[in-house]
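Participant: sharing a model prediction with you, sequence too.
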Amino acid sequence: MRGASWHARIECRGMVVGAGFLVTPRTVLTCAHVIQGDPAVTVSFPNRPELAGLPATVTVPGGWAGGATDPGDLAVLELDRDVPVAPARFAPPGAEQGSASLLAYGFPEGYDEGVLARYRAVSRTLIADQWVQLEATSGHGQPLAGGFSGAAVTLPDDRVVGMVAQVAGEPDVRVGRMLPTEVMARYWYGLGSLVPGPGAGTPEATGRLHALVRRAEATGLDCDPNRLYGHAVGPFGPDLPPGGFASLRASAAYVQWQVDDPEAVPRFADRLAELLAGPPAPEAAAWSPIVVELERSGEDQDQVTVRVSAYRDGQRRPVDTGRLPRGEVRAYVQQRVDRAFVHLAEGAEALLAFVLPREWLNEPVAQWECGPEDSTPLGCAHPLVVADRSRHRSPRLRHHLAKKWRRLETGPGTTTLHRVDCASPERPPSLRKRLRDEHADLVGFAAPPSALPGHFEAGLNVPVPVLLWPRTGCAGLGHDPGGPCPGAAFLDALGLALGAVPPTELPRHIRSLREEAAADDDPDRHWAKDIQVLWDAPHCFPEPAAGLRSPVA
């Protein structure tokens with residue numbers, strides 16, 4: 001292999017776990033099962049010994065769920081700096097079928113410097129619409145084994161046609177599977193601009209097409225992908241595929257890789273640019289969430305697992321994960337939240353979201369200080385919300401929440417506060433029915449969860465997108481019957497404060513209320529001093545795939 005410098009070795013916590021390859025000066029591709037969600041990833045380039053142990057961050061997980069036949073086994077790694085290595089070049093999709101010999105550069109046990117394996121593609125037929133089957137060109141030589149996962153599969157001229165994703169489990173079976181480039185591009189759209197089409201289109205034209213598609217998706221452009229395809233291929237071009245295209249992205253990819261006419265991509269891009277030049281779609285409120293997940297660790301009640309992540313362009317970027325005593329959690333979170341801001345786009349508005357076990361929903365996380373040298377409460381420095389961990393992990397509840405948020409974001413913009421007073425005779429089953437019948441989106445409680453556990457459970461499981469309550473106030477329901485009720489006063493003030501606020505804007509507004517309370521001459525008497533808000537928007541910080549395991553190792 002003449003251009004071997006871009007082949008990479010992937011390591012987690014000092015152990016070689018697989019292969020990868022450089023596709024931009026700072027971007028490396030590998031399999032998701034190679035890193036298994038480990039945040040401590042480093043990348044080395046064996047043919048450039050001075051480039052070893054470079055820290056890397058997972059910027060795009062492909063969505064692989066952990067099973068041997070699950071789709072999306074792709075991870076995009078971002079190095080901490082550009083490297084002076086020419087990235088890999090790509091062949092058009094399907095080019096592997098014309099080659100009698102394909103090469104892969106992997107790192108099986110005992111070969112940290114790397115070793116080559118020679119294979120060929122069996123057929124253009126995709127297995128389960130994901131993989132091209134590979135088989136050895138002879139019964140001798142290096143078989144595909146653990147350590148080849150994530151390796152680029154190349155033609156003899158070093159152009160990449162895919163990535164090794166699976167190998168046979170039996171030592172005497174010399175077959176494997178690769179993800180071809182057009183399938184990899186389903187899980188990382190950035191790859192599409194690097195892979196040429198079959199026509200004579202230029203890289204500039206392809207890059208422009210992908211930039212326009214991303215812009216159209218970001219602005220919510222309403223366009224017909226089938227009409228765009230027809231415009232691109234013209235009246236004498238290939239017919240629309242059966243069933244048409246479900247998305248703009250699918251239509252653009254088909255034009256790029258399946259249509260031979262070199263003018264099809266520029267025509268598609270020109271028409272899309274015309275549509276984008278029209279009246280822009282109204283922008284929805286945008287957040288760049290930093291998510292802090294806490295859970296008890298094992299049987300030891302004092303041990304807590306903390307995972308901190310940042311979201312950018314809808315993709316989760318792991319920051320750090322640790323297991324530590326509960327008393328050390330606050331300092332750990334302060335440091336990692338500060339570090340998470342590195343992953344956000346310049347000028348993005350951060351949203352801190354604490355995903356907590358149900359019994360910890362009343363934790364004063366909004367009162368935690370920003371750091372040892374900054375006593376500003378986190379809830380005053382940034383919009384800050386909490387979410388229920390069990391609901392966050394439930395596909396059923398998240399499905400219903402996503403439907404509610406779609407309605408909220410296209411509705412009139414405001415919503416009604418549904419009250420749950422501390423002295424209410426309403427039983428939890430009756431509350432559950434009322435909230436469901438009235439399609440409740442915003443519920444205010446007069447007391448914290450420990451005082452109204454059944455009522456809170458009803459609100460969480462209906463599910464209601466936004467719950468608010470005072471962390472103190474009517475805790476224990478101990479005020480005199482008929483006397484002033486702090487919880488009722490809280491709900492009265494809350495109703496006035498939130499009357500015209502859209503649910504999508506609530507985190508910003510709650511932050512303003514917290515600042516107002518902290519700045520009051522008597523902050524302990526301000527009604528909003530201990531306000532807690534559960535604001536659960538699955539589309540804003542989607543739950544990542546379950547813990548990963550390797551189907552190859």
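Facilitator: Everything's here; your move. Nothing here was measured: the structure is a model prediction, and the numbers come from that model.
Participant: now do the strands in the stretch 301-450 of the chain.
Facilitator: For the stretch 301-450 of the chain, strands defined by DSSP state E, counting those that start in this stretch occupy the ranges 303-312, 315-325, 350-356, 369-371, 374-377, 384-388, 417-420, 442-445.
Participant: could you dump those into CSV and include distance to G278?
Facilitator: Placement of C-beta: from N, CA and C, glycine included. Formatted as CSV, these follow (distance: least, CB to CB, whole Å):
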stretch, distance to G278
strand 303-312, 28
strand 315-325, 28
strand 350-356, 31
strand 369-371, 44
strand 374-377, 44
strand 384-388, 36
strand 417-420, 38
strand 442-445, 35
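Participant: go through those strands and name the closest to L74.
Facilitator: Nearest of the strands of the stretch 301-450 of the chain to L74, taken as CB to CB: strand 315-325 at 12.2 Å.
Participant: about what we covered before: got the strands of the stretch 301-450 of the chain as CSV, with mean neighbour count columns?
Facilitator: CSV is the format used below for the strands of the stretch 301-450 of the chain (neighbours: other CB atoms under 10 Å):
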stretch, mean neighbour count
strand 303-312, 20
strand 315-325, 17
strand 350-356, 23
strand 369-371, 15
strand 374-377, 13
strand 384-388, 25
strand 417-420, 19
strand 442-445, 25
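Participant: now render those as JSON lines, adding mean pLDDT.
Facilitator: Shown next, in JSON lines, are the strands of the stretch 301-450 of the chain (pLDDT from 0 to 100):
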{"stretch": "strand 303-312", "mean pLDDT": "90"}
{"stretch": "strand 315-325", "mean pLDDT": "87"}
{"stretch": "strand 350-356", "mean pLDDT": "94"}
{"stretch": "strand 369-371", "mean pLDDT": "93"}
{"stretch": "strand 374-377", "mean pLDDT": "94"}
{"stretch": "strand 384-388", "mean pLDDT": "95"}
{"stretch": "strand 417-420", "mean pLDDT": "89"}
{"stretch": "strand 442-445", "mean pLDDT": "92"}
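Participant: nearest approach to Q97 belongs to which of those strands?
Facilitator: Across those, Q97 has its closest neighbour in strand 315-325 (32.2 Å, CB to CB).
Participant: so the closest residue to V41 other than its chain neighbours: helix, strand or coil?
Facilitator: In space, and not counting its chain neighbours, V41 is closest to A56: 4.7 Å by CB to CB, 6 or more residues apart in numbering. Following DSSP: H, G, I helix; E, B strand; the rest coil, the label given to A56 is strand.
Participant: show me the helices in the chain, by range?
Facilitator: Ranges of helices in the chain, per DSSP state H, are 32-35, 181-187, 203-219, 225-233, 248-258, 264-276, 329-340, 378-381, 389-392, 395-410, 428-437, 453-461, 486-498, 506-519.
Participant: which elements pack onto the first one?
Facilitator: Spelled out, it's helix 32-35. Counting contacts by 3 or more CB pairs under 8 Å, 6 or more residues apart in numbering; DSSP states H and E, helix 32-35 is packed against strand 7-12, strand 15-24, strand 75-79.
Participant: mind giving me the domain split of the chain?
Facilitator: Taking automatic domain parsing as the reference, the chain has its domains at 1-196, 197-276, 288-535.
Participant: deepest-packed of the ones you listed, please.
Facilitator: The highest average neighbour count among these, using mean count of other CB atoms under 10 Å, belongs to domain 1-196 at a mean of 19.
Participant: now that one: how far from the chain's centre is it?
Facilitator: Relative to its chain's centre, domain 1-196 lies at 22 Å (CA atoms, centre = their mean, to the nearest Å).
Participant: so the residue nearest to V41 sits against L79, correct?
Facilitator: Yes: if you go by CB atoms under 8 Å, A56 and L79 touch, sitting 5.3 Å apart.
Participant: okay, and the common contacts of the two?
Facilitator: Jointly contacting A56 and L79 under the rule CB atoms under 8 Å, 6 or more residues apart in numbering are 28, 43.
Participant: figure out which of the helices and strands packed on helix 32-35 is closest to H509.
Facilitator: Going by CB to CB, the one of the helices and strands packed on helix 32-35 nearest H509 is strand 75-79, 34.3 Å.
Participant: specify the angle between that closest one and strand 15-24 in degrees.
Facilitator: When axes from the mean of the first three to the mean of the last three CA atoms, to 10 degrees is applied, the directions of strand 75-79 and strand 15-24 differ by 80 degrees.
Participant: still on that earlier bit, save the helices and strands packed on helix 32-35 as TSV, and put in mean pLDDT and distance to L384 too.
Facilitator: TSV is the format used below for the helices and strands packed on helix 32-35 (pLDDT from 0 to 100; distance: least, CB to CB, whole Å):
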stretch	mean pLDDT	distance to L384
strand 7-12	94	32
strand 15-24	93	35
strand 75-79	91	27
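Participant: go through the ones you listed and name the closest to P266.
Facilitator: strand 15-24 (23.6 Å).
Participant: just the angle between the closest one and strand 7-12, please?
Facilitator: Strand 15-24 runs at 140 degrees relative to strand 7-12, counting by the same axes, to 10 degrees.
Participant: ok, A8 - contacts?
Facilitator: Listed by CB under 8 Å, 6+ apart, the contact partners of A8 are 19-22, 28, 30, 43-45.
Participant: let's see it at 6 Å
Facilitator: Applying CB atoms under 6 Å, 6 or more residues apart in numbering to A8 gives the contacts 20-21, 28, 43, 45.
Participant: ok, now L397?
Facilitator: Counted by CB under 6 Å, 6+ apart, L397 has contacts 391, 463.
Participant: quick one: pLDDT of it?
Facilitator: At L397, the predicted lDDT confidence score is 89.
Participant: export stretch 318-334 to PDB, keeping only CA atoms.
Facilitator: Listed in PDB are the C-alpha atoms of stretch 318-334, where the atom choice follows Å, rounded to 0.1, in the frame of the first residue of the first chain:
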ATOM      1  CA  PRO A 318     -19.300  12.400  25.300                       C
ATOM      2  CA  VAL A 319     -17.300  14.600  27.700                       C
ATOM      3  CA  ASP A 320     -16.500  12.300  30.600                       C
ATOM      4  CA  THR A 321     -17.900   9.400  32.700                       C
ATOM      5  CA  GLY A 322     -16.900   8.600  36.300                       C
ATOM      6  CA  ARG A 323     -17.900   6.600  39.400                       C
ATOM      7  CA  LEU A 324     -17.400   8.400  42.700                       C
ATOM      8  CA  PRO A 325     -18.800   8.900  46.200                       C
ATOM      9  CA  ARG A 326     -21.900  11.100  46.300                       C
ATOM     10  CA  GLY A 327     -20.200  13.800  48.200                       C
ATOM     11  CA  GLU A 328     -17.700  14.400  45.400                       C
ATOM     12  CA  VAL A 329     -20.400  14.600  42.600                       C
ATOM     13  CA  ARG A 330     -20.800  18.400  42.800                       C
ATOM     14  CA  ALA A 331     -17.100  19.200  42.200                       C
ATOM     15  CA  TYR A 332     -16.900  16.600  39.500                       C
ATOM     16  CA  VAL A 333     -19.900  18.000  37.700                       C
ATOM     17  CA  GLN A 334     -18.600  21.600  38.000                       C
END
